[in-house]
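Asks: sequence first, then the predicted structure, then my questions.
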Amino acid sequence: MKKRSLIIVLLLSSVLLQFCKKASTDTTTTDTTTSTILFNTYLNGVLWTPKTVSATLTYNATAKTKTFVCTATDTAGTHKIVLNLVQPATALDSTLTAQTYSDTTTFKPNYYTIANNVSTPVGSLRGAFVTISSMDVTKKLITGTFAFYSTKFTYDGSGNVVSIVSTGVTSGQFNNMPYTFKKQ
């Protein structure tokens, strides 16, 4: 009986020691728990994460405005989203007011298809909004959410609607996305 107990204890000890070994340092794996996606959205219900994203905040002293432009393009170079937000400026600084913008004279997003290096906007806007949640002026980082719908009507020679293409850009987000600040 003592021999069996000793064998069981040794087997359990060896199993426990296997779990206590140091983790492998395989460099081919990526730790996704700490990584942050800078920009993504859903295009007609399918997750879309662009390959390139650039963002600029421009202060225009003459017009007394600040304009935030964010451009995102996919890997294939066939789709592009441009967020364009204009805000009145009373002073030279590199911030935007943290709030939701839904007025299409202030916030003008666009979804483009790209063919032969030509960007074509896909229709008129509706339901557009962007929320600026936070900005880190020192590190030049911006966080927020956005969504909009774009609808394009195709007409025949008599003015009848031949087709309707609607694109939903939903659940968009940019997280601690770097931006550059320029003065004009």
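Replies: Looks like it came in fine. Remember, it's a predicted structure, so these values are computed and weren't measured experimentally.

Asks: what's near enough to touch the most centrally placed residue in the chain?
Replies: In the chain, the residue lying closest to the centroid (CA atoms, centre = their mean) is F39, at 2.1 Å. Going by CB atoms under 8 Å, 6 or more residues apart in numbering, F39 touches 49-50, 53, 70, 72, 172-175, 177. C-beta: built from backbone N, CA, C; applies to glycine.

Asks: how about T104, secondary structure?
Replies: Counting by DSSP: H, G, I helix; E, B strand; the rest coil, the backbone at T104 sits in coil.

Asks: which residues touch it?
Replies: T104 neighbours (CB under 8 Å, 6+ apart): 125, 128.

Asks: all strands for this protein, in order.
Replies: Remark: strands assigned in the chain by DSSP state E are 39-43, 46-48, 52-60, 65-73, 79-88, 100-101, 110-115, 118-121, 124-136, 141-155, 161-178, 180-183.

Asks: what strands flank the fourth one, and is each parallel or antiparallel?
Replies: When you say that, I think you mean strand 65-73. Sheet partners assigned to strand 65-73 using DSSP bridges are listed as strand 52-60 (antiparallel), strand 79-88 (antiparallel).

Asks: tell me which of those sits most buried.
Replies: Ranked by mean neighbour count, these are led by strand 79-88 with a mean of 18 (mean count of other CB atoms under 10 Å).

Asks: count the neighbours of the closest residue to G127 other than its chain neighbours for me.
Replies: In this structure, G127 finds its nearest non-sequential neighbour in Y149, 4.8 Å apart by CB to CB, 6 or more residues apart in numbering. As a burial measure, Y149 scores 17 neighbours (other CB atoms under 10 Å).

Asks: Y149 bridge partners, please.
Replies: On the basis of DSSP bridges, Y149 is bridged to R126, G168.

Asks: list the contacts for it?
Replies: Counting by CB under 8 Å, 6+ apart, Y149 makes contact with 125-128, 166-169.

Asks: now render these as a markdown table, adding neighbour count.
Replies: A markdown table is the format used below for the contacts of Y149 (neighbours: other CB atoms under 10 Å):
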| residue | neighbour count |
| --- | --- |
| L125 | 17 |
| R126 | 11 |
| G127 | 13 |
| A128 | 21 |
| S166 | 13 |
| T167 | 17 |
| G168 | 17 |
| V169 | 24 |
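
Asks: which of those residues sit farthest apart?
Replies: Farthest-apart pair in the contacts of Y149 is A128 and S166; separation 13.7 Å (CB to CB).
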